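>>> Take a look and give me a structure for this.
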Amino acid sequence: IWNLEFRAAPGEIFFDEHETAFARSVGSGFVVIEPNVPGHKSWTVNKQWDQRRYQDVAYRLIASGYNVVQFNSGKAGTRLAGPREIATPSFRHALAALSRAALYIGPEGGLHHGAAAVGTKAVVIFGGFIPPQIVGYDSHVNLAGSDTFCGSMKACEHCRSAMEAISTDLVMQSATEILGRP
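Numbering: from 1, shown residues only. Have a look, this model is predicted:
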């Protein structure tokens, strides 16, 4: 049962001088792409868009002239071919770097909430797990692939189908509308 009256509000975050210096050191204007969801939570399988689709989006953005990066926190996960890797010593460092990004592309979760907190535009891949109108943000493009949301804590055919309905073309179109020409 969803409380459809609830709306997430972007949080506030303030960085210290070390986090700010780290963010400056990674540059600005890049696109952050994150293909990973936490593997230790049973329901995250329902929030995982196909890794090959993330790879396709990364290749297409790079081929179009965009500076694409992926954060590396040192945890296991898929490393995409092509994007520049930014080693992030903490989640706060990742958010500081994200504050200098032109766009975040990835799943609903910590980085999408972080993007809202630091004012970074995003293309968020929700699927059919949770309604974007509840935990999505108006400043982001929220892609569901479904009109129904199950919240299943186990692998779910409905959520898999919703993820399959989100095409790489739709993600690319959403991203390039936000970014304009590189």
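>>> Need the three-state assignment for H93.
Taking DSSP: H, G, I helix; E, B strand; the rest coil as the rule, one finds H93 in the helix state.
>>> What count of nearby residues applies to the closest residue to it other than its chain neighbours?
In this structure, H93 finds its nearest non-sequential neighbour in F22, 5.2 Å apart by C-beta to C-beta, 6 or more residues apart in numbering. For glycine as for every other residue, the C-beta is placed from the backbone atoms N, C-alpha and C. The number of residues packed near F22 is 21, by other C-beta atoms under 10 Å.
>>> Next SSE downstream of the helix or strand that F22 is a member of?
For F22, the enclosing helix or strand under DSSP states H and E is helix 17-25. Going down the chain from helix 17-25, the next helix or strand is strand 31-33, by DSSP H and E.
>>> residue ranges with poor pLDDT in this structure?
Within the chain, the ranges that satisfy pLDDT under 70 run 181-182.
>>> what about the strands in it?
31-33, 68-72, 84-87, 103-107, 122-125, 140-143 (DSSP state E).
>>> Can you tell me which residue is spatially central in the protein?
Centrality entry for the chain: nearest residue to the mean C-alpha point is G106, 2.2 Å, by C-alpha atoms, centre = their mean.
>>> Look up the closest residue to that one, ignoring the ones flanking it.
Spatial nearest neighbour of G106, excluding adjacent residues (C-beta to C-beta, 6+ apart): E34 at 3.5 Å.
>>> okay, now that neighbour: neighbour count?
Neighbour number of E34 under other C-beta under 10 Å is 24.
>>> can you check the one 4 residues further on too?
Using other C-beta under 10 Å, P38 has 13 other residues around it.
>>> Provide the backbone phi and psi angles at it.
phi -60, psi 120 (degrees, to the nearest 10).
>>> what sits up against stretch 37-56?
When contacts are defined by C-beta atoms under 8 Å, 6 or more residues apart in numbering, stretch 37-56 is touched by residues 33, 35, 76-78, 80-82, 105, 107-109, 125-129, 150-156, 159-160, 163-164, 166-168, 171.
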